[in-house]
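1. this is the structure alone, sequence omitted:
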């Protein structure tokens, strides 16, 4: 079995044990593989602010990497929730960066989990005039500091 087959099987099995009957669509992107969950009860799978999707993705990747150490990271999404959130986050972070460039004053994002912090850092990596930094610590949600370069 290949890692992509295994990742889908892990997700289907986990949710099956929780009583969900799901279909999974595999989407290959520049970032790797995305497992798009097709289910009637999307709100229960997504959870509050996408927390359940984040937890499912974490578990799928942990189990997958135990059996396939070289497998790339797999993204788990449902009803394009994460895709839409990412787009909104990139747009708002670019607006914050523009504000920093115009005013010369630092600003911070709303508290973000590690997944979304990575998206902001990557979105602003090539933006001239700003730097980004996450505070150290073990908190699950942190604000990114956007400062003038």
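-> All right, it came through fine. Keep in mind the model is a prediction, meaning the values are calculated, not measured.
2. show me where this structure has strands.
-> Using DSSP state E, the strands of the chain run over residues 23-29, 32-38, 74-78, 107-108, 130-133, 145-148.
3. how much does the third one deviate in direction from strand 23-29?
-> Yep, that's strand 74-78 we're talking about. Angle, strand 74-78 to strand 23-29, by axes from the mean of the first three to the mean of the last three Cα atoms, to 10 degrees: 130 degrees.
4. likewise for the second one?
-> Orientation of strand 32-38 against strand 23-29 (the same axes, to 10 degrees) gives an angle of 150 degrees.
5. give the buried residues for strand 32-38.
-> Within strand 32-38, the residues that count as buried by 16 or more other Cβ atoms under 10 Å are 33, 34, 35, 36, 37. In short, each C-beta sits where N, CA and C put it, glycine included.
6. where does the fourth one land on pLDDT?
-> Per-residue confidence at residue 36 stands at 97 (pLDDT).
7. can you say which of the strands of the chain is nearest to residue 88?
-> strand 74-78 (14.3 Å; Cβ to Cβ).
8. avg pLDDT for that closest one?
-> Averaged over strand 74-78, pLDDT sits at 96.
9. what pairs with it, parallel or antiparallel?
-> Here strand 74-78 has these sheet partners by DSSP bridges: strand 32-38 (parallel).
10. tell me how far the strand it pairs with lies from the chain's centre.
-> 12 Å (Cα atoms, centre = their mean, to the nearest Å).
11. which outside residues touch it?
-> Residues outside strand 32-38 that contact it (Cβ atoms under 8 Å, 6 or more residues apart in numbering): 4, 7-8, 11, 15, 22-28, 45, 60, 72-80.
12. and if you look at stretch 89-108?
-> The contact list for stretch 89-108, computed with Cβ under 8 Å, 6+ apart, reads 109, 112, 116, 119-120, 123-124, 127, 129-130, 143-148.
13. roughly how far apart are the residue nearest the centre of the chain and residue 50?
-> Nearest to the geometric centre of the chain sits residue 115, at 4.1 Å (Cα atoms, centre = their mean). Here residue 115 is placed at a distance of 9 Å from residue 50 (Cβ to Cβ, to the nearest Å).
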